[in-house]
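*Asks:* Just need the structure, nothing else, for what follows:
(2 chains)
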Amino acid sequence: MPFWHEDVAAWESAWQAKGLPAFPRITLTPADQQGVLTFNIFPLLKAFRGDAQAAAKAVLEPVEGVQRAEVVKGFVNVSFSPAFWRSFLQAVQERAPSGYTRLQLERGQHLMVEYPSPNTNKPLHLGHLRNLCLGEAVCRLWERVGARVVRANLVNDRGIHISKSMLGWKKFFAPATPQTTGKKGDHFVGDCYVAFERAYRAEVEALKQRGLPEEEALVQAPLFQEAQALLRAWEAGEPQTLALWRQMNEWVYEGFEATFRRLGIRFDKVYYESETYKLGKKVVEEGLKRGLFYREEDGSVWADLTAEGLGKKILLRRDGTSVYITQDLGTADLKFQDYPELTRSVYVIGNEQDHHMRLLVALLRKLERPYAEAIYHLSYGMVELPTGRMKTREGTVVDADDLLDEMHSRALELVEEDLPESERHEIAEAVGQAALRFYLLRVDPTKNIVFDPAESIELKGFTGPFLQYGLVRARRLLEKAAEKGLTPALQATPDAIEPAEEKLLQQLYGLPEALMAAARSFDPALLAHYGYELTRRYNEFYQSLPVLGAEEPVRSFRLALTQAYQIAMEAVMETLALPVPARM
RNA sequence: GGCCCCGUAGCUCAAUCGGAUAGAGCACGGGAUUUCUAAUCCCGCGGUUGCAGGUUCGAAUCCUGCCGGGGUCGCCA
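*Replies:* Numbering: from 1, shown residues only, chains lettered A, B, ... in the order given. This is a model prediction of the structure:
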């Protein structure tokens, strides 16, 4: 049983049978220490009266293939025999997809992952890209460990922000369309929104000149009043308003769809807020009837969550219209009606909405929805510029499509010039995307990212192209071997394992654990770091040891090692949704 | 002001939920190609983990206080 999760499970049951007080933690041995696996036996020392040797002996009893075990303080560093590694490589060849790169440990889990849930008044920006990369990677991670996943996108297609872009079009752009202007639909609508905002700001400034305080000015500006009227007309179902709304959303969807397609992302289910917000109102009515919520004198409806430390929250405005959280309540219900077998409902949403998500869960608990506990908010940090937050008003928002284009052309400069033009662009797209996506995935999701447009994104070092390059080289090596009639079929066991080989084997051995850890913590960065380290070790191996030129049985062992690396790395790249070019 | 998150090399980030001498990349300096792709590899430089206490075999990690940054807090989504 040469795979991590199978080994560990077998060892643990053996220890349990022997009544060991606590399972030692098992990790890959740090690079500066001798060994492959480290068993942390500090917690066992008391039971063995400080006799580390005795504790180590008990722990290692069920472990097969041990070549050397060294006890250092509370650590037992173990390395494996060449025969063990040979059987490991054999197992990778024979059952990689079912036991190594795809696991069944979370079988029975059924997730819905909601992302990126954009508004329909602006094109996608860098923050959405982080959301998309994270959401997609999390879906693929959970699929890899045996779960079923529904990718859901909730489109925020109604609300005051849409009214604003509609007004922007009416006043400054009509009758132009994306077709007549040659613009991508989402960008076209974004321009309408910006035009509205600019005019609106001017009105607010004028009112402030006349002595109105800012808060008053913001509400009293004629354009804002008009936008609100438009929202009411929309809710009342006024036909002309609906027609324009539908038209503008169509433009936006076409634009979004193009970007999603470029990123290789498709959704199983799309929810539209315009269809779910009424469900939310029903949920609020239910809460009112059951006395869980209350109505103020002005007609607005509230929930009192002070006991939960969340204060009071408005659920319906005094004019009866719904707010953001209202539709979220309805959508939460709908998700579990559509997919009753869900075990988890994941929301990939920025950490600026931590409070909002806490409110949502608290309200669902109040309503005694059992699935309130199944909700998981994958809260991620913002992408900031060195100068601070991206701001529409200051024109510092980094547009997703523009950035993808820029990455493409930066990568193109590095591609060999004597290749056909279409292939050069194919490679450039793969390299540019991998650079960008890896950059967004390599950091802890909870942390903010500082994106420096001046320095932009590296193509060397701890990057996506670094990972691609290692894999491309390995593939070419195996192709060359095949041309010479050499296969990775294992021959006799080599007498000894070189240090560079052992370091690579160690990392390969850790793949199942890395996949599990990344999925369970909803953290693709763990797998990104794993993949980087794996590539480093392969590069070192590749650089220092000959493969095709080696003597048997070392040659076939190294070919098998290269093949195992290819299998593991392809799994990493696929899971993180990083494209790999045929060559580079 | 209340609540939440964060502070690690010049910069961008790690450190496998309390473990070994805190590690990578970028930048900077030096080196490697008659051999499977040099987008690579090797060597060097770089740290009082914001500050001060506490908890214990052991703290970047946990607790308390302070300093600094960000987010959020009854009708934007």
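*Asks:* Quick check: the residue nearest the centre of chain A vs RNA strand B, distance?
*Replies:* The residue lying closest to the centre of chain A (C-alpha atoms, centre = their mean) is A:Leu134, at 1.5 Å. Distance, A:Leu134 to RNA strand B, by C-beta to the nearest atom of the strand, to the nearest Å: 13 Å. To be clear about C-beta, it is placed using only N, CA and C from the backbone, and glycine gets the same treatment.
*Asks:* Just to check, that residue is in contact with A:Tyr115?
*Replies:* Yes - here A:Leu134 reaches A:Tyr115: they are 7.3 Å apart, a contact under C-beta atoms under 8 Å.
*Asks:* what do those two both touch?
*Replies:* A:Val348 (C-beta atoms under 8 Å, 6 or more residues apart in numbering).
*Asks:* can stretch A:413-429 be found next to RNA strand B?
*Replies:* Yes - Stretch A:413-429 is in contact with RNA strand B by C-beta under 7 Å from any atom of the strand, via A:414-415, A:427.
*Asks:* what residues are up against A:Met407?
*Replies:* By C-beta under 8 Å, 6+ apart, the neighbours of A:Met407 are A:432-433, A:435-436, A:457.
*Asks:* could these be laid out in CSV, adding pLDDT?
*Replies:* Converted to CSV, the contacts of A:Met407 look like this (pLDDT from 0 to 100):
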residue, pLDDT
A:Gly432, 94
A:Gln433, 96
A:Ala435, 94
A:Leu436, 94
A:Ile457, 84
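*Asks:* just the strands in the stretch 1-150 of chain A please.
*Replies:* A:25-28, A:37-40, A:66-72, A:75-80, A:110-114, A:148-155 (DSSP state E, counting those that start in this stretch).
*Asks:* Would you format those strands as CSV with distance to A:Pro370 and mean pLDDT included?
*Replies:* Rendered in CSV, the data for the strands of the stretch 1-150 of chain A read as follows (distance: least, C-beta to C-beta, whole Å; pLDDT from 0 to 100):
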stretch, distance to A:Pro370, mean pLDDT
strand A:25-28, 34, 90
strand A:37-40, 38, 92
strand A:66-72, 48, 92
strand A:75-80, 44, 93
strand A:110-114, 15, 97
strand A:148-155, 19, 97
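*Asks:* Among those strands, which comes closest to A:Glu540?
*Replies:* Judged by C-beta to C-beta, the one of the strands of the stretch 1-150 of chain A that comes nearest to A:Glu540 is strand A:25-28, at 15.9 Å.
*Asks:* Would that closest one count as contacting RNA strand B?
*Replies:* Yes - part of strand A:25-28 sits near RNA strand B under the criterion C-beta under 7 Å from any atom of the strand, namely A:25, A:27-28.
*Asks:* Pull out the buried residues from the residues you listed.
*Replies:* A:Leu28 (16 or more other C-beta atoms under 10 Å).
*Asks:* out of the residues of strand A:25-28 next to RNA strand B, who's nearest RNA strand B?
*Replies:* Closest approach between the residues of strand A:25-28 next to RNA strand B and RNA strand B, by C-beta to the nearest atom of the strand: A:Thr27, at 3.5 Å.
*Asks:* Can you give me the distance of that closest one to A:Glu250?
*Replies:* 53 Å (C-beta to C-beta, to the nearest Å).
*Asks:* Where does the prediction get shaky in chain A?
*Replies:* A:21-22, A:393 (pLDDT under 70).
*Asks:* Domain-wise, how is it divided?
*Replies:* Using automatic domain parsing, the domains assigned to chain A come out as A:4-80, A:157-267.
*Asks:* The ones you listed: which one's closest to A:Leu527?
*Replies:* domain A:4-80 (14.4 Å).
*Asks:* Could you work out the end-to-end span of the closest one for me?
*Replies:* 13 Å (C-alpha to C-alpha, to the nearest Å).
*Asks:* Do a quick rundown of the strands in chain A.
*Replies:* A:25-28, A:37-40, A:66-72, A:75-80, A:110-114, A:148-155, A:269-272, A:293-295, A:301-305, A:311-316, A:344-350, A:375-380, A:383-384, A:449-450 (DSSP state E).
*Asks:* What parts of the stretch 301-450 of chain A come near RNA strand B?
*Replies:* A:309, A:311-314, A:317-318, A:321, A:323-324, A:327, A:351-356, A:381-382, A:388-389, A:411, A:414-415, A:427, A:431, A:442-444, A:446-450.
*Asks:* Looking at the residues you listed, which are in helices?
*Replies:* Among these, DSSP state H puts A:324, A:327, A:354-356, A:411, A:427, A:431 in helices.
*Asks:* Mind putting those into TSV with neighbour count?
*Replies:* Below are those laid out as TSV (neighbours: other C-beta atoms under 10 Å):
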residue	neighbour count
A:Tyr324	15
A:Gln327	27
A:Asp354	12
A:His355	12
A:His356	15
A:Ala411	26
A:Ile427	23
A:Val431	27
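*Asks:* farthest pair in those residues?
*Replies:* Pairwise over those, using C-beta to C-beta, the maximum falls at A:His355 and A:Ile427, 44.3 Å.
*Asks:* quick one: contacts for the closest residue to A:Tyr200 other than its chain neighbours?
*Replies:* Among residues not flanking A:Tyr200 along the chain, A:Leu223 sits closest, at 4.6 Å (C-beta to C-beta, 6 or more residues apart in numbering). Applying C-beta under 8 Å, 6+ apart to A:Leu223 gives the contacts A:167, A:196, A:199-200, A:203.
*Asks:* Quick check: helices, which of these are part of them?
*Replies:* Per DSSP H, the contacts of A:Leu223 map to helices at A:167, A:196, A:199-200, A:203.
*Asks:* Tell me the most packed of the residues you listed, by neighbour count.
*Replies:* A:Phe196 (27 neighbours; other C-beta atoms under 10 Å).
*Asks:* residues touching that residue, list them.
*Replies:* By C-beta under 8 Å, 6+ apart, the neighbours of A:Phe196 are A:164-165, A:167-168, A:171-172, A:223, A:227.
*Asks:* Would you map the helices across the stretch 51-200 of chain A?
*Replies:* Here the stretch 51-200 of chain A has its helices, by DSSP state H, counting those that start in this stretch, at A:52-60, A:82-99, A:126-144, A:160-168, A:178-181, A:185-209.
*Asks:* Could you export those helices as CSV, including distance to A:Leu486?
*Replies:* Shown next, in CSV, are the helices of the stretch 51-200 of chain A (distance: least, C-beta to C-beta, whole Å):
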stretch, distance to A:Leu486
helix A:52-60, 37
helix A:82-99, 15
helix A:126-144, 31
helix A:160-168, 61
helix A:178-181, 55
helix A:185-209, 51
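*Asks:* out of the ones you listed, nearest to A:Gly237?
*Replies:* Comparing the helices of the stretch 51-200 of chain A under C-beta to C-beta, the one sitting nearest is helix A:160-168, at 14.6 Å.
*Asks:* Packing partners of that closest one?
*Replies:* helix A:185-209, helix A:222-235, helix A:239-263 (3 or more C-beta pairs under 8 Å, 6 or more residues apart in numbering; DSSP states H and E).
*Asks:* Between the ones you listed, which one is closest to A:Val547.
*Replies:* Going by C-beta to C-beta, the one of those nearest A:Val547 is helix A:239-263, 35.2 Å.
*Asks:* And the residue of the stretch 351-500 of chain A closest to RNA strand B?
*Replies:* Counting by C-beta to the nearest atom of the strand, the stretch 351-500 of chain A gets nearest RNA strand B through A:Gly461, at 2.3 Å.
*Asks:* Appreciated, that's everything.
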